[in-house]
Structure formats: C-alpha cells, structure tokens
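**Student:** The following comprises the amino acid sequence and a computationally predicted model.
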Amino acid sequence: MMCAAIFSLSSCHQSTRKMTMEAEPTTDTEPLTDSTEVTTGTLRLAIADKHLATLDNIVQARIVNPTDTTVEYGEEYHIERETADGWQEVPWSDDYGWNLVGYGVKPHSSTMQGTAAQIDFFHLAPGHYRLSKEVGGEILSNGFYID
C-alpha cells in the first residue's frame with residue numbers, strides 16, 4: 001500500500017500563488033521492467049528529452065525507484081546552469097511558490113507524477129543545465145541542454 005506524506009518544505013518561497021497542503025495518490029506509477037533498473041538499487045532522476053529548444057516550457061523527468069521501500073517527494077525543484085565557475089542556481093521569480101503536496105513512488109517502480117519542471121519563466125539561454133529534486137531525503141539531479 002502506498003503512503004503519501006504531507007511535506008513541509010522549509011525552502012519554499014513566498015508567493016502570491018495559493019499554497020495547498022493535500023496528499024496526492026500516485027496514479028502513473030509503472031513497475032520497472034528493465035533488469036538493470038531493478039537491480040541497481042539507487043534512486044535516479046531520468047530526464048525524457050535531454051535537448052530542449054529555448055521555446056520549450058517543460059522539462060519532463062521520471063523518478064526511478066529500484067529500492068525495496070516507498071520513497072516520498074514534493075513538487076519543489078531547482079534548476080542550475082553550468083558555468084566556468086561550476087554549477088550556479090538559476091534564481092526564482094519572487095512571485096513563484098510551491099504546492100505543498102506529498103507524492104510517493106512504490107518499490108521497484110517509477111513515476112512522472114509531480115516531476116514536470118516548468119522552465120519557460122526562467123528565459124533560459126542556450127547552455128547546459130541540470131534539474132535537481134529532493135526524493136526520499138536525497139538530492140537527485142540530471143542534466144539537460146537548451147539548444
């Protein structure tokens with residue numbers, strides 16, 4: 001049975017958007033079928049399309065959970081850009097906030113629920129970026145390019 005937790009994210013930004021706190025069921029969880037995914041035992045954040053155009057507005061990610069336990073996460077994510085000085089966080093707009101919703105990924109499955117990262121308001125220039133998201137107490141990251 002899947003247990004969804006309600007997250008209290010301390011790093012939420014103040015927002016004019018309405019913040020809600022509710023538990024969401026995982027509806028698009030898929031069992032892992034690739035034997036490599038099932039046996040690695042490491043949580044991963046997979047990005048569907050690693051090359052995006054400047055006009056694209058969403059980075060779609062999938063959380064892969066090959067472990068024996070359900071992992072929980074919220075909607076919050078961060079975008080970083082690779083520079084000559086290393087990874088630099090792309091700043092958020094002052095009026096952006098997060099819905100405080102808890103999701104879960106069952107053992108040996110994956111999901112895309114709550115993982116779409118809206119990037120159109122960042123006005124990202126071409127370059128190498130990475131999406132970071134806290135899942136099960138770990139920070140998962142994966143890179144993508146704006147061409």
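**Tutor:** Received it, and whenever you're ready, just let me know what you need.

**Student:** Point out where this structure drops to low pLDDT.
**Tutor:** The chain contains residues with pLDDT under 70 at 1-40.

**Student:** Please repeat the previous calculation with a cut-off of 50.
**Tutor:** Applying pLDDT under 50 to the chain picks out residues 1-27, 33-39.

**Student:** Now do the buried residues in stretch 61-76.
**Tutor:** By neighbour count on 16 or more other C-beta atoms under 10 Å, the buried set for stretch 61-76 is 61-66, 70-76. All C-beta spots, glycine's among them, are computed from the backbone N, C-alpha and C.

**Student:** Okay, and which of those residues map to strands?
**Tutor:** Ala61, Arg62, Ile63, Val64, Asn65, Val71, Glu72, Tyr73 (DSSP state E).

**Student:** Between the buried residues of stretch 61-76, which sits nearest Leu100?
**Tutor:** Nearest to Leu100 among the buried residues of stretch 61-76 is Gly74, at 6.7 Å by C-beta to C-beta.

**Student:** My guess is that closest one contacts Gln113. True?
**Tutor:** No - between Gly74 and Gln113 no contact is recorded; they are 11.5 Å apart, counting by C-beta atoms under 8 Å.

**Student:** those strands in this protein, which residues are they?
**Tutor:** In the chain, the segments counted as strands under DSSP E are 21-23, 30-31, 44-47, 51-52, 58-59, 61-65, 71-73, 78-83, 86-89, 100-105, 109-111, 117-118, 127-135, 138-146.

**Student:** re the thing from before, quick check: neighbours shared by Gly74 and Gln113?
**Tutor:** Here Gly74 and Gln113 share the contacting residues Tyr103, scored by C-beta atoms under 8 Å, 6 or more residues apart in numbering.

**Student:** need the contact list for Tyr145.
**Tutor:** So Tyr145 contacts Lys50, His51, Leu52, Pro126, Gly127, His128, Tyr129 (C-beta under 8 Å, 6+ apart).

**Student:** so who does the second one touch?
**Tutor:** If I follow you right, that is His51. Phe144, Tyr145, Asp147.

**Student:** Over to the fourth one?
**Tutor:** By C-beta under 8 Å, 6+ apart, the contact list for Pro126 reads Thr54, Tyr145, Ile146, Asp147.

**Student:** one more time with 10 Å, if that's ok
**Tutor:** Applying C-beta atoms under 10 Å, 6 or more residues apart in numbering, we find Pro126 in contact with Leu52, Ala53, Thr54, Tyr145, Ile146, Asp147.
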